[in-house]
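Student: how would this look folded up:
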Amino acid sequence: MLNFPNIDPVIFGIGPLQVRWYGLMYVIGFMATWTLVRVQIKKFSYHELEERLDNLNLLLIIGVVLGGRLGYVLFYNFSYYLVHPAEILATWQGGMSFHGGCIGAIIAGTWYCKRHSLNFWKGVDLYVVTVPIGLGLGRLGNFMNGELYGRTTDVPWAMVFPGGGLLTRHPSQLYEALHCF
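Tutor: This is a model prediction of the structure:
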C-alpha cells in the first residue's frame, strides 16, 4: 500500500481568494489548448480562424466552465441544488462535469462559428486533439483533491483516500491521467 500524499488542495490564498490545484489544472489546460491550436492554424493555413482565435478561445473557456458547472448541477446533484439554488455558483465547493463542459463548448463553438461564418468542423478538428490534455490535467487535479478514487483493491499501489473510508483503493485518477498523456 502507498500512502496518499497529504496535498492541500489550496496552493495559496490571499484573504478570501484561493488558488487551487484543480483550478490551476484548468488554466494550464486552456493555455496548452490555445498554444496547440495556434500551432495547427499556422501549419494548416487556416487564416480565417487565426484572427479570431483569442475571442473563440475565450468563448470556449466560458462554455466549458459554465457547462461543466451546470452539467454537474443537473446530472449529479439536481435535487440538492433545487433546494439550495444560491450554491450553484459555489464552484469552490467542487462539482464540475466533463459532459456538461463538452456540451457547453459545443454550444459556444457552434454559436461563434455561425456568427462569424467559420467552418465549425475545421474548428472542431483543431480543438478536439487538445481534449486529452485537459482531461489528463483534470484527473491530476482530482487526485490532488483526493476525489473520484477507484474501487477497493489489495494491489501494492493501492491508497487510502481521505474521503474513501479505511479501505485501500485504486488511484484511478492517475490511471485516467496516464491514459490521456
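Student: Go through the lowest-mean-pLDDT helix or strand in the chain and flag the buried ones.
Tutor: Using mean pLDDT, DSSP states H and E, helix 47-50 stands out as the lowest-scoring helix or strand of the chain, at a mean of 81. Neighbour-count burial for helix 47-50 flags Leu49 (criterion: 16 or more other CB atoms under 10 Å). Where you see a C-beta, it was placed from the backbone N, CA and C, and this is true even at glycine.
Student: same check, this time on stretch 69-78
Tutor: 69-73.
Student: ok, now stretch 130-148?
Tutor: Across stretch 130-148, burial judged by 16+ other CB under 10 Å covers 130-131, 133-147.
Student: Can you tell me what sits against that stretch?
Tutor: Applying CB atoms under 8 Å, 6 or more residues apart in numbering, the external contacts of stretch 130-148 come out as 4, 7, 9, 21-26, 28-30, 32-33, 36-37, 94, 96, 98, 161-164, 171-174, 176-181.
Student: Any of the residues you listed buried? List them.
Tutor: With burial judged by 16+ other CB under 10 Å, the buried subset of the contacts of stretch 130-148 is 4, 9, 21-23, 25-26, 29-30, 33, 37, 96, 98, 161, 164, 171-174, 176-177.
Student: For Gln18, which three-state class applies?
Tutor: strand (DSSP: H, G, I helix; E, B strand; the rest coil).
Student: would you put the C-alpha positions of the least confident helix or strand of the chain in CSV?
Tutor: This file holds the C-alpha atoms of helix 47-50, laid out as CSV (Å, rounded to 0.1, in the frame of the first residue of the first chain):
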residue,chain,number,x,y,z
HIS,A,47,-6.2,32.1,-41.5
GLU,A,48,-9.9,32.8,-41.1
LEU,A,49,-9.7,31.4,-37.6
GLU,A,50,-6.2,32.8,-36.8
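Student: just how off-centre is it within its chain?
Tutor: Computed by CA atoms, centre = their mean, to the nearest Å, the chain-centroid distance of helix 47-50 equals 26 Å.
Student: Residues touching that helix, excluding its own?
Tutor: So helix 47-50 is contacted by 38, 41-42, 56, 118-119, 122-123, 126 (CB under 8 Å, 6+ apart).
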